[in-house]
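S.K.: Here is a sequence together with a model predicted from it:
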Amino acid sequence: MKENIPEVVAEVSALFERYEQALIDKNVDVLDATFWNSPRTIRYALHENGYGFDEIHAHRVARPPGPGFKEKRIRLEILTLGRDIATVNLEFKVRGKEQIGRQSQTWVRFPDVGWKVVAAHVSVVSERPW
């Protein structure tokens, strides 16, 4: 299985950036379109856990729009395995706090619906000591 095929990395990167902008804009249509519409999809966030697409959607509708808590990106890592599996991991500075945020997504390309996030996680830790 080939890692990081350039055009696959470019596809996933573009989708990730689209998702990030949709968070800021509270574009629920794009946010929903990013995630696999399945009861097996999981999104662990700071203040809620979404088990299944319907719960994730309900949290999306309830959250306010705006820049959120990401002050600046520290590191973005995209790994693609073949043409149909990818992980995206982002480390960022939390706005106004001495904390580091971590965001991870597992993406799968489905034959019928294209790239979708099947699992996601967001958490924060104290500022890096290194």
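M.R.: Yep, it's here. Numbering: from 1, shown residues only.

S.K.: switch to C-alpha atoms for all contacts and neighbour counts from now on
M.R.: Will do.

S.K.: mind listing the helices for this protein?
M.R.: Counting by DSSP state H, residue ranges of the helices within the chain are 6-25, 28-34, 53-62.

S.K.: Mind listing what's buried along the longest one?
M.R.: When you say that, I think you mean helix 6-25. Buried residues in helix 6-25, defined by neighbour count with 16 or more other C-alpha atoms under 10 Å: Val8, Val9, Val12, Ser13, Leu15, Phe16, Tyr19, Gln21, Ala22, Leu23.

S.K.: do the same with stretch 94-109
M.R.: Of the residues in stretch 94-109, Val94, Gln99, Ile100, Gly101, Arg102, Gln103, Ser104, Gln105, Thr106, Trp107, Val108, Arg109 count as buried by neighbour count, 16+ other C-alpha under 10 Å.

S.K.: if I read this right, Asp25 contacts Pro65, doesn't it?
M.R.: Yes: in this structure, Asp25 sits in contact with Pro65. The criterion is C-alpha atoms under 8 Å, and the distance is 5.8 Å.

S.K.: if we can go back for a sec, between the buried residues of helix 6-25, which is closest to His57?
M.R.: For these, the minimum distance to His57 (C-alpha to C-alpha) is 12.6 Å, reached by Leu23.

S.K.: these two touch, right, that closest one and Thr34?
M.R.: No: counting by C-alpha under 8 Å, Thr34 is not a contact partner of Leu23; they are 11.1 Å apart.

S.K.: Quick check, central residue of the chain?
M.R.: For the chain, the residue nearest the mean C-alpha position is Gln105 (4.8 Å; C-alpha atoms, centre = their mean).

S.K.: Provide a list of residues in contact with it.
M.R.: Under the criterion of C-alpha atoms under 8 Å, 6 or more residues apart in numbering, the neighbours of Gln105 are Thr87, Val88, Asn89, Val117, Val118, Ala119, Ala120, His121.

S.K.: Among those residues, which lie within strands?
M.R.: Filtering the contacts of Gln105 for membership in strands, criterion DSSP state E, returns Thr87, Val88, Asn89, Val117, Val118, Ala119, Ala120, His121.
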